[in-house]
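S.K.: my questions are about this predicted structure, shown below with the sequence.
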Amino acid sequence: MQFRQQALAKLQSPEELDLPVRFARPQGWLVLSVTVVVMAAASVWAVTGSVASTVSAPAVLTHGEGSYILQSPAAGQVTAVLAKEGERLPADSPVLKVRTAEGDAVVRTVAAGRITALAATIGQIISTGANVASVEKVADADDPLYATVYVPAENAASIPADAAVDLTVQTVPSQEFGVLRGHVKSVDRTAQSAQQIAAFLGDSQLGRQFTEDGRPVAVLVRLDTSASTRSGYRWSSADGPPYRLTSMTLATGSVRLADQRPVDWLLP
């Protein structure tokens, strides 16, 4: 009954038109202003901004021309190993001597390079075409190193020219010396088979390893040079490792892809 009397009294009283009306508290205006500013900034970024993304893939440090697998031209027994791992040889240099039914045969290098692996030993019986050595095509020890990154084929079209690349080198502790810097020199638009990778790197095992999840695309990376580091290349740390890098060192490459406009994600 008390609430009913109050309601009736309210209806009978004149309208209080002379009192000011408060539309919002100061705190509410502050929240509204902040919301408007944030929405405006987000709208401008959606139109003019971009989102950077990267793709990580296995990589190998090599000289620019790659390697090749040396094969025996004849079947027989290895009687002498005439070269050593790590030795640089000119073209047509003897590597192995093989005793065959017709006499002794010599396995020679096809092109000048450095012996990175020997797969034959004295006394071993080998067949015609057997892999006996891996030879890296390098004539001068001062030839620069490159990195070959084997990127999934679906990402190849998103890699711009001269894209930045960070390389985590297996033989260099990244926590202490950081990552190796480089930029994309070229992108092979054709997916590589295990045989093609093995032929370039001179290592059939790496060919199988890099194609386990499909045929990748080879991205050649030019390493950034620096006169202030012992390795001769630029690192994310000031000095980098206190030693030089060697070819056929494994790494993981993080390649920056082309920037994407965020507004494109919202459009049908």
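M.R.: Received, thanks.
S.K.: ok, and the closest non-adjacent residue to residue 203?
M.R.: residue 134 (6.2 Å; CB to CB, 6 or more residues apart in numbering). Using the backbone N, CA and C atoms, a C-beta is placed for each residue, glycine as well.
S.K.: check which helix or strand covers the one you found.
M.R.: Applying DSSP states H and E as the criterion places residue 134 in strand 131-136.
S.K.: now swap in residue 97 and tell me
M.R.: For residue 97, the host element (DSSP H and E) is strand 94-100.
S.K.: next one: residue 107
M.R.: Going by DSSP H and E, residue 107 is part of strand 103-108.
S.K.: show me the strands in this protein, by range?
M.R.: 54-63, 67-71, 76-81, 88-89, 94-100, 103-108, 113-118, 125-126, 131-136, 145-152, 164-169, 180-187, 216-223, 249-256 (DSSP state E).
S.K.: and those: which comes nearest residue 158?
M.R.: The closest of the strands of the chain to residue 158 is strand 54-63. By CB to CB, the value is 7.8 Å.
S.K.: counting by contacts, list what the closest one packs against.
M.R.: Judged by 3 or more CB pairs under 8 Å, 6 or more residues apart in numbering; DSSP states H and E, the packing partners of strand 54-63 are strand 145-152, strand 164-169, strand 216-223, strand 249-256.
S.K.: residue 226 is in contact with residue 233, isn't it?
M.R.: Yes - counting by CB atoms under 8 Å, residue 226 touches residue 233, with 6.0 Å between them.
S.K.: find residues that contact each of these two.
M.R.: residue 240 (CB atoms under 8 Å, 6 or more residues apart in numbering).
S.K.: higher neighbour count, the two?
M.R.: residue 233 (22 against 16; other CB atoms under 10 Å).
S.K.: distance of that one from residue 200?
M.R.: 22 Å (CB to CB, to the nearest Å).
S.K.: neighbours of the residue nearest to residue 170 when sequence neighbours are not counted, how many?
M.R.: Excluding its sequence neighbours, the residue lying closest to residue 170 (CB to CB, 6+ apart) is residue 250, at 4.7 Å. Per other CB under 10 Å, the neighbour tally for residue 250 reads 14.
S.K.: swap in residue 149?
M.R.: The local packing of residue 149 (other CB under 10 Å) involves 27 other residues.
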